[in-house]
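Student: Give me the fold of what follows.
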Amino acid sequence: MTTAELRRGTDWRAGVRQLVGSSRPLSWINTAYPFAAAYLLAGGGLDAVLVVGTVFFLVPYNLLMYGLNDVWDHESDLANPRKGGVEGVVLDTRWHRTTVLVSVAASAPFVVALAAIAVARRSPASLVVLLVSVFAVVAYSAPRLRFKERPGLDSVTSATHFVSPAVLGVTLAGGTWSWSVTATLLAFFAWACASHAFGAVQDVRADRGAGIGSIATVLGARRTVRLAMAGYASAAALLLTAGWPTALAAVVPVAYLASITPFRSLTDDECEQANRGWRRFLWLNLVAGFAITQGLIIAAFAARG
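Tutor: As a prediction, this is how the structure comes out:
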């Protein structure tokens with residue numbers, strides 16, 4: 001094998017690592033699971049819709065969301081000490097064009113397929129939810145739109161990234177919008193808004209220095225943490241109204257509330273300390289996901305009995 005062939009092989013592997021890293025593998029389950037669980041719980045079956053939707057929200061959706069973000073946020077990522085690990089790669093400029101092309105090419109067939117399914121099932125609501133979901137992913141980071149730099153809208157848009165797959169699952173399955181379903185999705189939205197807000201706290205000083213706006217740069221570290229605490233508390237309260245056994249899930253946002261409470265008096269000058277809570281948040285997601293899964297299994301068996 002020639003030196004040129006070896007170099008091409010090395011470059012190819014490096015490109016794959018960059019693409020995979022940009023898609024945030026640790027977060028794949030955070031969008032695929034809500035779709036799959038919602039679809040099945042709303043009456044969907046083990047069918048092609050479940051497979052197409054789950055695969056889309058597992059990898060292509062995350063590559064579109066985070067890959068485009070890494071391209072458009074390259075300059076700020078270079079100055080962000082958090083980048084380079086589980087919290088995101090610093091995408092080499094040589095892979096920017098490839099990332100854009102691959103993320104769009106990987107997502108497009110799934111978006112078309114899901115849109116076709118929505119039309120075939122005469123579900124205009126599903127089509128609207130799908131379009132909102134994809135738009136929110138692009139608008140969060142896209143030049144000019146930059147929803148991520150619009151305080152308040154940044155948290156709402158981020159929450160949409162994670163809740164819209166679940167809403168799509170319900171609509172595609174033709175599920176009933178009972179209060180239990182509505183309360184659960186509202187709780188999920190409150191949880192997601194709170195999580196985004198808390199995540200922004202650690203970057204208050206860096207964002208202000210770079211002229212980047214966020215909910216945390218406007219409110220400050222202390223008030224943003226307390227707002228996130230209120231969001232988690234609201235999520236727990238909503239779940240308590242959802243009926244048995246869904247109400248048991250209220251313990252999940254309470255766990256997040258307990259996790260960030262130590263940072264409730266954080267000053268702007270100490271904002272970087274919130275990174276300890278954010279890293280705990282990333283792993284808490286896995287524990288919470290496991291707990292929710294067990295709860296759903298128990299509920300399913302209880303319903304059959």
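
Student: Go through stretch 43-61 and flag the buried ones.
Tutor: Using 16 or more other CB atoms under 10 Å as the test for burial, stretch 43-61 gives 44, 49-50, 52-54, 56-61. For glycine as for every other residue, the C-beta is placed from the backbone atoms N, C-alpha and C.

Student: for stretch 282-292, same thing?
Tutor: Buried-residue list, stretch 282-292, by 16+ other CB under 10 Å: 284-285, 288-289, 292.

Student: ok, and what's touching stretch 138-148?
Tutor: Stretch 138-148 has contacts (CB atoms under 8 Å, 6 or more residues apart in numbering) with 64-65, 68-69, 72-73, 136, 153-154, 157-158, 161, 214.

Student: let's see it at 6 Å
Tutor: 68-69, 72, 153-154, 157 (CB atoms under 6 Å, 6 or more residues apart in numbering).

Student: and if you look at stretch 236-247?
Tutor: Here stretch 236-247 has contacts from 180, 183-184, 186-187, 249-250, 253-254, 299, using CB under 6 Å, 6+ apart.

Student: Quick one: buried ones out of those?
Tutor: Applying 16+ other CB under 10 Å to the contacts of stretch 236-247 flags 180, 183-184, 186-187, 249-250, 253, 299 as buried.

Student: L266: what secondary structure?
Tutor: Secondary structure for L266, judged by DSSP: H, G, I helix; E, B strand; the rest coil, is coil.

Student: Quickly note the distance from it to I260.
Tutor: Distance of L266 to I260, given as CB to CB, to the nearest Å: 10 Å.

Student: now G169
Tutor: In terms of CB to CB, G169 sits 28 Å off from I260.

Student: Out of the contacts of stretch 138-148, give me the two with the largest separation.
Tutor: Largest separation among the contacts of stretch 138-148 by CB to CB: L68 and L153, giving 17.6 Å.

Student: Okay, and F162 sits in which element?
Tutor: Using DSSP states H and E, F162 maps to helix 153-172.

Student: That helix packs against which elements?
Tutor: helix 28-41, helix 124-141, helix 179-201 (3 or more CB pairs under 6 Å, 6 or more residues apart in numbering; DSSP states H and E).

Student: Show the average pLDDT along that helix.
Tutor: Mean per-residue pLDDT for helix 153-172: 94.
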